[in-house]
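Asker: Structure here, sequence nowhere to be found:
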Ligand code: TYD
Ligand code: MG
């Protein structure tokens, strides 16, 4: 017999606590604990998937990815979707999850099942018209009850299933309300079983909500094979797709889309997009070639500095640049290059809000800040990359030749680079050992 008790479950990470508290001690989020009626997980006895066999008899190709037809998605997935895998697509409401998945089903040959547990069938049909996704073998089911969904999968035997969203699907056998951790996890577990048994890929939509009112995608991280995050600013057309977990490939690739009138369009040449609106001759702008996954990307880093009001700590505000990293670089500039930033409020951002953790951005951030402080623009044909250490030294970063090649391709002529950088065709390299040398080389 399943026993029931009250527990307090974090809707952000799924950790269970015997007592309520304001903060989850597991993930540190505030106000995310909700009371749930805990039932022991239903014993799900799956039929054996396979008998033991010599390892050499295992077909290595059954888990090969199948291209989705959306190049930017395939890039992030390392080739495509794997049969029998479950992928969670997380993102804030309105970012374009339903659009992306409908486009995925439009591209895919064969029978596909789109379960809409959130919008009506009419709404989805309208979107499909807009996306050119109406085709005879794309089946639509407006349903929230999991048993009906699993029955439909068994009846229609689709080659791919999308469930939009996992938070609005519920299994009456589980008891808890829809959207609760117990429901979301329980339903996802059953869908994982179906994916494995039928060898069909399933994609789940998971809303990310700041309020934590719905169990978030992190609750499902351990249940699914792949977790994708779809990000971007609502009022900007650029959308970024990354994998935070991927059982079948790397997690460092970045997929880029633009939301347009007829759905999402892949952006194969992002450098041109990022530099498209650039104004040269403006103080506070530096150009940095980076490499995200396998793809070179040239982006603009901008800084703005204003006099800080007296007697309050100076502001350091960032977008796309790590705030702690900015604080560290400002300290290095202060101590190692004698640039007085104490009395300035400093704002730093990457254009398009692209979040890049790469240390190769350091030199560009420093140059943009000093350019802003001195109110002197950097040369228009100059790029810079390198990691900046606490001693003010400029260190080498990965993929220096590819960074340089991409900058040259886009028409830049000069680069301030770490001392050990190899020569690059079409680019005059200024090799520097310290941040002070870099500032001098940039004419600051
Ligand atoms: P949607 O896919 O519904 O987002 P989600 O499923 O993540 O909540 O996309 C919502 C937004 O995208 C909405 O504001 C309208 C916009 N959109 C376009 O700009 N072009 C399109 O072709 C489509 C279908 C949507
Ligand atoms: Mg949606």
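Answerer: Looks like it arrived, so ask away. Everything numeric in this text was worked out from a predicted model, so none of it was measured. Ligands and ions are numbered 1, 2, ... in the order given.
Asker: For this protein, which residue occupies the most central location?
Answerer: The centroid of the chain falls nearest to residue 242 when counting by C-alpha atoms, centre = their mean (3.5 Å).
Asker: And the helix ranked longest in the chain, how far out from the chain middle?
Answerer: If you go by DSSP state H, the chain has its longest helix at helix 181-198. Helix 181-198 has its C-alpha centroid displaced from the chain centroid by 23 Å (C-alpha atoms, centre = their mean, to the nearest Å).
Asker: residues of it that come out buried?
Answerer: Neighbour-count burial for helix 181-198, with 16 or more other C-beta atoms under 10 Å as criterion, is recorded at 181-196, 198. Where C-beta positions appear, they are placed from N, C-alpha and C, glycine not excepted.
Asker: can you pull the contacts of residue 218?
Answerer: 12-14, 27 (C-beta atoms under 8 Å, 6 or more residues apart in numbering).
Asker: Secondary structure class of the residue nearest to the centre of the chain, three-state.
Answerer: Classification of residue 242 by DSSP: H, G, I helix; E, B strand; the rest coil places it in strand.
Asker: dump the residue contacts of it.
Answerer: Residue 242 is in contact with 76, 228-229, 231, 251, 253-255, counting by C-beta under 8 Å, 6+ apart.
Asker: So for it, what pLDDT did the model give?
Answerer: Note for residue 242: predicted pLDDT of 91.
Asker: what number of residues lie near the spatially closest residue to residue 29 that is not a sequence neighbour?
Answerer: Distances taken as C-beta to C-beta, 6 or more residues apart in numbering place residue 12 nearest to residue 29, at 4.3 Å, with adjacent residues excluded. Residue 12: 24 surrounding residues under other C-beta atoms under 10 Å.
Asker: Could you verify that residue 12 is part of a strand?
Answerer: No - according to three-state DSSP, residue 12 belongs to no strand; its state is coil.
Asker: Next up, the contacts around it.
Answerer: Taking C-beta under 8 Å, 6+ apart, we find residue 12 in contact with 24, 27, 29, 32, 212, 216, 218-219.
Asker: Looking at those, which gets the smallest pLDDT?
Answerer: Taking the contacts of residue 12 together, the minimum pLDDT is found at residue 212 (54).
Asker: Residue 371 contacts residue 287, doesn't it?
Answerer: No - using C-beta atoms under 8 Å, residue 371 is not in contact with residue 287; the gap is 11.4 Å.
Asker: joint contacts of those two?
Answerer: With C-beta under 8 Å, 6+ apart as the test, residue 371 and residue 287 both reach residue 378.
Asker: how close does residue 328 sit to residue 149?
Answerer: 50 Å (C-beta to C-beta, to the nearest Å).
Asker: scratch that, residue 205
Answerer: 13 Å.
Asker: shared neighbours of these two, which are they?
Answerer: residue 163.
Asker: hmm, back to that, so the helix or strand following the longest helix of the chain, near ligand 1 or not?
Answerer: Tracing the chain C-terminally past helix 181-198 and defining elements by DSSP states H and E, one meets strand 202-207 next. No - using C-beta under 6 Å from any ligand atom, strand 202-207 never reaches ligand 1; the gap is at least 6.6 Å.
Asker: Name every strand pairing with strand 202-207 and say which way it goes.
Answerer: Its sheet considered, strand 202-207 pairs with strand 86-91 (parallel), strand 160-164 (parallel) by DSSP bridges.
Asker: Show residues contacting the last one.
Answerer: Under the contact criterion C-beta under 8 Å, 6+ apart, strand 160-164 has outside partners 81, 97-98, 101, 104-105, 108, 110, 112-119, 149, 153, 169, 191, 194-195, 200-205.
Asker: Which of the three states applies to residue 277?
Answerer: With three-state DSSP as the basis, residue 277 sits in coil.
Asker: Got the confidence number for it?
Answerer: Predicted confidence (pLDDT) for residue 277: 79.
Asker: what number of residues lie near it?
Answerer: Other residues near residue 277 number 9, with proximity taken as other C-beta under 10 Å.
Asker: Just give the nearest non-adjacent residue to it, would you?
Answerer: residue 351 (7.6 Å).
Asker: can you check residue 328 too?
Answerer: The nearest residue in space to residue 328 (C-beta to C-beta, 6+ apart) is residue 390, at 7.4 Å.
Asker: Surely that neighbour and residue 325 touch.
Answerer: No - Residue 390 lies out of contact with residue 325 (C-beta under 8 Å); the separation is 12.0 Å.
Asker: Great, nothing more from me.
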